[in-house]
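Peer 1: this is the structure alone, sequence omitted:
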């Protein structure tokens, strides 16, 4: 069995943002040479997420609106975590809702997606450099 590992780095210019990282993950799969196996894509920061869904701007705005209703950024005093000097209590909760990672089957050298599926990086506490781990195992 072969194993491949690569880190993808991002710096979102605003507090929140969604980036389609499917092309970068496909590049990793090609580099790995793995034809059959599993691909893990994992946000390596506790205020960011990786998820799979449709690449449709209205849906992405719906996510942002929905998450902001569930865990609004302000008032900052709303979160006990922010009493430690942080201002990202909401980002931790949003990450828990959206998840930490995705796993995609690799079949015949391709990511084995359902219709319209793409992989996204979702940042909830931007303005600094963060990374995603891509780990691929298989034959």
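Peer 2: Thanks, I have the structure now. Predicted model, so just to flag it, every value in this text is computed and none were measured. Numbers count the residues shown, from 1 in each chain.
Peer 1: what sits up against the helix or strand where residue 61 lies?
Peer 2: Using DSSP states H and E, residue 61 maps to helix 57-70. Residues from elsewhere that reach helix 57-70, judged by CB atoms under 8 Å, 6 or more residues apart in numbering: 16, 18, 53, 93-94, 97-98, 120, 122, 124. C-beta here means a position set from N, CA and C on the backbone, and glycine is covered the same way.
Peer 1: change it to 6 Å
Peer 2: For helix 57-70, the external contacting residues (CB atoms under 6 Å, 6 or more residues apart in numbering) are 18, 94.
Peer 1: which parts of this protein are strands?
Peer 2: For the chain, the strands defined by DSSP state E cover 2-10, 17-20, 37-43, 48-53, 101-107, 110-111, 118-123, 130-138.
Peer 1: report pLDDT for the residue lying closest to residue 30 once chain neighbours are set aside.
Peer 2: Of all residues not flanking residue 30 in the chain, residue 109 sits nearest, at 7.9 Å (CB to CB, 6 or more residues apart in numbering). Note on residue 109: pLDDT of 98.
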